[in-house]
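Colleague: sharing a model prediction with you, sequence too.
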Amino acid sequence: MRHLRTFFMLALWALPAGGLLMAQPQEEAWEIEGLRDQSWVEWSINGTAIATNGVIVKYGGTVLTAEQATINQTNGEVTAQGQVRIEHDDMTWVGEHIVYNFKTHQMQAEQFRAGMPPVFIEGEGLHGELTNRAYAATNAYVTTDDIYNPAFKVRAKYIRVIPGKKILARHATLYLEGVPVFYFPIYSRNLGAHANNFNLMPGYRSIFGPYLLTSYTWFLNNELDGQWHTDYYERRGPGVGPTFNYHLGPWGDGTLKAYYLRDQDPSISATNHSISNSRERVYFSYLAMPATNLEIRSLVRYQGDSNIVREFFEGDYRQNPQPNTYLEVNKFWQNFSLDTYAQPRLNNFLETVERLPDVRLTGYRQELGASPFYYESQSSAGYYRRLFVETNGIGTGTNYEAARADTFHQILLPHTFFGWLNVTPRVGGRFTWYSEASGPGATTDEESRGVFNTGIEANFKASRLWPEFRSGLLQMEGLRHIIEPSVNYAFVPKPNVTPNQLPQFDYELPSLRLLPIDFPQYNNIDSIDSENTIRFALGNKIQTKRNGEVVNVANWSIYTDWNLHPRSNQSTFSDFYSDLTVRPRSWLVLESLARYHPEDGTFRMAAHSVTIEPSDRWSWSIGQFYLRDDLRPTPTALGIGNNLFTSVITYRLNENWGVRALQRFEASNGTMQEQAYTVYRDMRSWTAALTLRVLQNTTGPLDYTVAFTFSLKAFPRFGLGTDTGRPYTLLGG
């Protein structure tokens, strides 16, 4: 192949006039090469080149390839024919005959195709507008389907392309599989991933009647984008609201949502019949790092009544049924952090501990000079108000508030014996001051409490390796067993002030797992009482190599507490806990969480699941969650139990069709709590899903929902796998 470059020609011209060329400013270099061995480039003395049998031309960041081309280096114009391809401004232009100017970027073509994934264009009569670096074409269409005959396209008689930015069309028509379905007087679409688009979700639900959820997603610039929602529920009425997403670099990112619903029948699914017809919610989030090791985060979640999020925003409700509002500022240093946290109550139908504010200084575990001792601390101060649920102004009679200042300091002496046994004794103390509580529910006086604590923790890790072990059945190449026993002793003598003499702001809540026994991990400051406990734990791991990676074939932890001097609400031995995960094959996962009560020989909790995923064609996950009734008259009682069985199976029938089925069955009362069935259809450029769900609530009739969702693959409505973890998104929740 002959490689003839302009540099060689310029050198020849420079021989008779070298002084003149040296005095002129240097232009960008032209690069012209043949693509094949039989490629040929002929030069003329006036700087024009004619290339045949394949050529590539590069100049100023633009690359052109073609079968034939005439290149004028003086004015920058190239006339190219045969499989012409031009790459510039992250866009690719393709045609059989294109005239392109490398210097002015003017372009002309009778027919062309262009693309900046995921947006593609095809049309006729392309010509460039030199003043604003834009191109105009006629009889063109825009699509996100990268195939010869796209199923989804917007066709227009006139279209304007601003490379790297957007496409603007007039009198455009949306076609689906060749059928016109919508008309746009003006159609605009950003190039690249950030493109304005519509989303529609029609459906039917028993408590809504027929409904239509619509949203328009817009992108103003890199700093601001959002959505506008316009919904209509036949039995409930219209709902509207905007969403703004802002991205301000170090000054923060966040979201502002507002929604208003004029509800025609707010009591249809609510136990509180006093809900107003005007229902609203506001959501605001903010996260910023304006300086090194400085974080600011805030969350505001206001709702006009207790049920609007549960009914109309099921996804938000399932993630957090009790929304809180806060502002938090964190400053970090190498060994310390300062945290300021403010939490007011916006929703009076939720119990809240207001913190106005709570300031905490934390000293991380750090070495004390050159000594073997380590030090850690945590100190906080704030003003707190415990506000109970209010219903129609009732419930304020038990509210109380007080100030509190707390400081905790601890010394540790970690040491390793025999090269394998880690022992860490510790001793510490804390002092807490409470002001006299005020408010209608106040019962405590000003108090000063001192707490002494000590303890010791010991642990080690041992392992054995069998490198020659092989098992095709279990997909194991080599075997390693790791055992990690630990013992943690904690002693706290009875404080001079007991919890029932203190206002309870940070108190113990019901928990399915064991709480920490040492400070500062145990952070229920107002519930601190005497402690004389040994925690035993044993961890086991069996590891192997699969596909060159180390994986845990089995991971099993068991632990329990021995209360040497149990309090009135404690037994000598706590429940025994077991956490087990087994992966006998790469496609099979078995999980088990259990909580066994030794005194009466019963399981208080058991959660088991089996996940089978042998290929991308099908998967099946089944599970059970059992919780025994716990109706003890204590704040930490778990309440009414469950015996819930779940099953989720997904099956891909072929390239275009798939199905998914979900069931939740409550065995304690024989109720099928939830059934959801989805049929998926892949239509090349977009995907669709039809979902039927049936809910059996504890009160009221069956709740039926049918919803249809569709999404362009280029601009998916949901992230990959979203419907697996949150299937209610397919219903608009």
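Modeller: Structure received. Numbers count the residues shown, from 1 in each chain.
Colleague: relative to residue 351, how far out is the nearest residue to residue 701 once chain neighbours are set aside?
Modeller: Once flanking residues are discounted, residue 701 sits nearest to residue 206: 7.1 Å by Cβ to Cβ, 6 or more residues apart in numbering. (Each C-beta comes from the backbone N, C-alpha and C, glycine too.) Residue 206 sits 31 Å away from residue 351, going by Cβ to Cβ, to the nearest Å.
Colleague: which one's more surrounded, these two?
Modeller: Legend: neighbour count by other Cβ atoms under 10 Å for residue 206 and residue 351, higher for residue 206 (16 against 13).
Colleague: which ones are touching the more buried one?
Modeller: Going by Cβ atoms under 8 Å, 6 or more residues apart in numbering, residue 206 touches 701-705.
Colleague: out of these, who's nearest residue 489?
Modeller: Using Cβ to Cβ, residue 703 comes nearest to residue 489 of those, at 52.1 Å.
Colleague: please tell me how far that closest one sits from residue 281.
Modeller: In this view, residue 703 and residue 281 are 21 Å apart by Cβ to Cβ.
Colleague: which one's more surrounded, those two?
Modeller: Each of residue 703 and residue 281 has its neighbours counted (other Cβ under 10 Å); residue 281 has more, 22 against 16.
Colleague: apart from its neighbours in sequence, what residue is nearest that one?
Modeller: With Cβ to Cβ, 6+ apart, the residue lying closest to residue 281 is residue 303, at 4.3 Å.
Colleague: number of residues surrounding residue 627?
Modeller: For residue 627, the neighbour count with other Cβ under 10 Å is 20.
Colleague: what sits against it?
Modeller: Applying Cβ under 8 Å, 6+ apart, the residues near residue 627 are 512, 604-605, 638, 641-643.
Colleague: of the residues you listed, which belong to strands?
Modeller: 604-605, 642-643 (DSSP state E).
Colleague: restricted to buried residues, select the residues you listed in ChimeraX.
Modeller: Buried residues within the ones in strands among the contacts of residue 627, by 16 or more other Cβ atoms under 10 Å, are selected in ChimeraX with:
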select :604,605,642
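Colleague: on that earlier part again, got a markdown table for the contacts of residue 206, with secondary structure and distance to residue 518 too?
Modeller: Below are the contacts of residue 206 laid out as a markdown table (DSSP: H, G, I helix; E, B strand; the rest coil; distance: Cβ to Cβ, whole Å):
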| residue | secondary structure | distance to residue 518 |
| --- | --- | --- |
| 701 | coil | 51 |
| 702 | strand | 50 |
| 703 | strand | 47 |
| 704 | strand | 51 |
| 705 | strand | 48 |
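Colleague: out of those, which end up buried?
Modeller: Buried members of the contacts of residue 206, counted by 16+ other Cβ under 10 Å: 703, 705.
Colleague: pLDDT-wise, what's the bottom of the contacts of residue 206?
Modeller: The member of the contacts of residue 206 with the lowest pLDDT is residue 701, and it reads 78.
Colleague: coming back round to it: among the contacts of residue 627, show me the least confident.
Modeller: At the low end of pLDDT for the contacts of residue 627 is residue 638, which has 85.
Colleague: now render the contacts of residue 627 as TSV, adding distance to residue 290.
Modeller: TSV is the format used below for the contacts of residue 627 (distance: Cβ to Cβ, whole Å):
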residue	distance to residue 290
512	39
604	47
605	44
638	43
641	48
642	46
643	51
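Colleague: could you list the low-pLDDT ranges of the stretch 301-450 of the chain?
Modeller: Filtered on pLDDT under 70, the stretch 301-450 of the chain yields the residue ranges 392-395.
Colleague: the stretch 551-700 of the chain now?
Modeller: For the stretch 551-700 of the chain, applying pLDDT under 70 flags the ranges 684-685.
Colleague: in this structure, which spans are helices?
Modeller: 6-14, 18-23, 308-312, 314-319, 722-725 (DSSP state H).
Colleague: give the buried residues for the third one.
Modeller: Residues of helix 308-312 classed as buried: 308-312 (neighbour count, 16+ other Cβ under 10 Å).
Colleague: separation between residue 491 and residue 455?
Modeller: 6 Å.
Colleague: do the same with residue 485
Modeller: Residue 485 is 17 Å from residue 455, by Cβ to Cβ.
Colleague: those two: which is more packed in?
Modeller: Set residue 485 next to residue 455 and count neighbours by other Cβ under 10 Å: residue 455 wins out with 24 against 14.
Colleague: thought the more buried one was touching residue 487?
Modeller: No: counting by Cβ atoms under 8 Å, residue 455 does not reach residue 487; the two are 10.4 Å apart.
Colleague: appreciated, that's everything.
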